[in-house]
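**Student:** what's the 3D shape of this:
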Amino acid sequence: MGILVIGSNTNITQPSFTIKHTINDSVDISVFCLGENGKVHNDDGMVFYGAPKSPCGTINIQSKAILVDLENVPSNIEKFSITATVDNDTFASQSNISFTGPDFECQFDTDGRSESALILLEIYKRNNSWKVKFVGQGFNGGLKPLAEHYGVDIADEPVVKPSSPKPAPVTTPAPTVNLSKISLTKSSPKVDLIKKAGSLGLIKVNLNWEKGKSSFFSSGIDLDLGAFIELKNGDKSIVQALGNRFEYSPYIKLLADDRTGDSSNGEWIHIDGNNINNVKRIIIFTFIYSGSPNWDKANAVVTLHVPDMPPIETQLNETSSNTGFCAIAELTVKNNTVAVERLNRFFKGHADCDKAYGWGFKWSAGSK
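**Tutor:** Prediction:
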């Protein structure tokens with residue numbers, strides 16, 4: 001194993017490997033998948049907290065580790081740049097950073113570093129072989145200017161109109177990434193919450209949907225939000241409007257039941273993130289209480305609001321006929337880390353979902 005200093009490189013001997021690091025959990029790690037021009041090709045080229053796994057499967061950002069699989073790298077990608085950024089601070093406030101891979105070790109000294117962004121490592125292809133380089137370069141600005149440096153256009157920024165009447169040159173638009181929202185999708189179904197269990201504050205879960213039109217032959221769609229909760233000691237419970245089970249104190253509470261979907265606020269579940277240490281898992285679900293079981297027409301969206309994090313959103317946009325129940329997302333607590341994973345699995349009802357996830361309840365018809 002080679003000891004790398006800034007500017008040095010070494011060969012990579014294993015196509016699949018893990019890079020372990022000591023970066024603080026409050027620091028954002030991003031990996032940019034670059035072409036030969038040093039820019040990303042599309043918005044999938046930025047791997048970060050909102051999309052921690054690249055669609056090609058090469059990069060997977062996890063807590064304290066980056067998983068790399070070079071077996072099936074797309075032909076248009078020549079380099080992977082591993083970066084780190086801090087919000088409203090500099091790296092001088094952080095501890096020294098070390099990286100360890102099967103072929104190398106390196107350490108970055110943060111003492112006196114006035115930058116809030118760093119380009120740390122590069123994995124690149126040279127003469128049909130892969131190498132790793134310890135860059136250790138500071139970068140002025142945070143994640144936004146760093147992303148733009150690699151050809152990513154960050155969304156939701158005001159557009160500045162040119163003062164000159166000259167027409168703007170025609171250019172190919174840069175890939176756009178929205179850093180203000182984390183979307184859980186099939187290709188990126190999971191995200192770790194940046195704070196540890198016991199210090200998360202109030203986690204708010206919102207369900208919103210479109211009711212649809214009522215007629216003589218059909219009624220609008222009424223969705224209900226609910227949750228299954230299991231503690232580490234084995235205790236289990238269900239929170240939902242059906243059966244008037246609105247609270248499992250002190251962990252979780254359903255605030256109200258929106259019978260129409262007309263409310264702009266939708267339905268809300270509150271989870272006490274400061275009391276979540278005793279929780280093993282929480283599965284958020286929804287079901288069609290009345291109306292046609294047509295998820296396409298409901299356009300349902302579930303959003304998790306966690307303090308100091310962008311909203312975490314998943315859409316129930318898969319087509320599923322004759323299934324009125326959907327397991328949306330699962331929160332798990334392991335080694336003091338809380339992870340949120342998109343499920344979006346459809347079932348005929350509570351009992352079928354119970355069998356799939358091992359809840360262990362007996363079910364009978366209920367009303368509200």
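
**Student:** off-centre distance for the helix or strand in which residue 238 is found?
**Tutor:** Element membership of residue 238 [criterion: DSSP states H and E] is strand 236-239. Put simply, strand 236-239 sits 25 Å off its chain's centre (Cα atoms, centre = their mean, to the nearest Å).

**Student:** let me see the contact set for residue 348.
**Tutor:** 322, 323, 324, 325 (Cβ atoms under 8 Å, 6 or more residues apart in numbering). Heads up, the C-betas are built off the backbone N, CA and C, glycines and all.

**Student:** tabulate the residues you listed (CSV), appending pLDDT.
**Tutor:** Listed next are the contacts of residue 348 as CSV, based on pLDDT from 0 to 100:
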residue, pLDDT
322, 74
323, 84
324, 87
325, 91
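
**Student:** want to throw the residues you listed into CSV with secondary structure, neighbour count and distance to residue 359?
**Tutor:** Output for the contacts of residue 348, formatted as CSV (DSSP: H, G, I helix; E, B strand; the rest coil; neighbours: other Cβ atoms under 10 Å; distance: Cβ to Cβ, whole Å):
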residue, secondary structure, neighbour count, distance to residue 359
322, coil, 8, 22
323, coil, 16, 18
324, coil, 21, 17
325, strand, 21, 13
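
**Student:** which one of these is nearest to residue 97?
**Tutor:** residue 325 (45.7 Å; Cβ to Cβ).

**Student:** in this structure that closest one contacts residue 352, no?
**Tutor:** Yes: applying Cβ atoms under 8 Å as the test, residue 325 and residue 352 come out as touching, 7.1 Å apart.

**Student:** so where's this structure shaky on pLDDT?
**Tutor:** 155-181, 194-195, 211-220, 256-264, 291-294, 296, 317-321, 366-368 (pLDDT under 70).

**Student:** please parse it into its domains.
**Tutor:** By the assignment in automatic domain parsing, the chain contains the domains 2-158+166-180, 183-357.

**Student:** my guess is residue 108 contacts residue 121. True?
**Tutor:** No: at 9.6 Å, residue 108 does not count as touching residue 121 under the criterion of Cβ under 8 Å.

**Student:** reformat the domains of the chain as CSV; add distance to residue 365.
**Tutor:** Output for these, formatted as CSV (distance: least, Cβ to Cβ, whole Å):
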stretch, distance to residue 365
domain 2-158+166-180, 41
domain 183-357, 10
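
**Student:** so what's the nearest residue to residue 360 once chain neighbours are set aside up against?
**Tutor:** Nearest non-adjacent residue to residue 360, counting by Cβ to Cβ, 6 or more residues apart in numbering: residue 236, 6.7 Å away. Residues near residue 236 by Cβ under 8 Å, 6+ apart: 228, 229, 230, 359, 360, 361.

**Student:** could you do residue 207 as well?
**Tutor:** Counting by Cβ under 8 Å, 6+ apart, residue 207 has contacts 223, 225, 266, 267, 268, 286, 300, 301, 302.

**Student:** same thing with residue 72?
**Tutor:** 56, 57, 58.

**Student:** same thing but 10 Å
**Tutor:** By Cβ atoms under 10 Å, 6 or more residues apart in numbering, residue 72 lies in contact with 15, 56, 57, 58.

**Student:** what number of residues lie near the first one?
**Tutor:** Burial measure for residue 15: 12 neighbouring residues, criterion other Cβ atoms under 10 Å.

**Student:** quick one: it and residue 71 touch, right?
**Tutor:** Yes: between residue 15 and residue 71 there is a contact under Cβ atoms under 10 Å: 5.0 Å.

**Student:** show me where the protein has its helices.
**Tutor:** 143-149, 295-298, 350-357 (DSSP state H).

**Student:** closest one to residue 84 among the ones you listed?
**Tutor:** That would be helix 143-149 among those, by Cβ to Cβ, at 9.4 Å.
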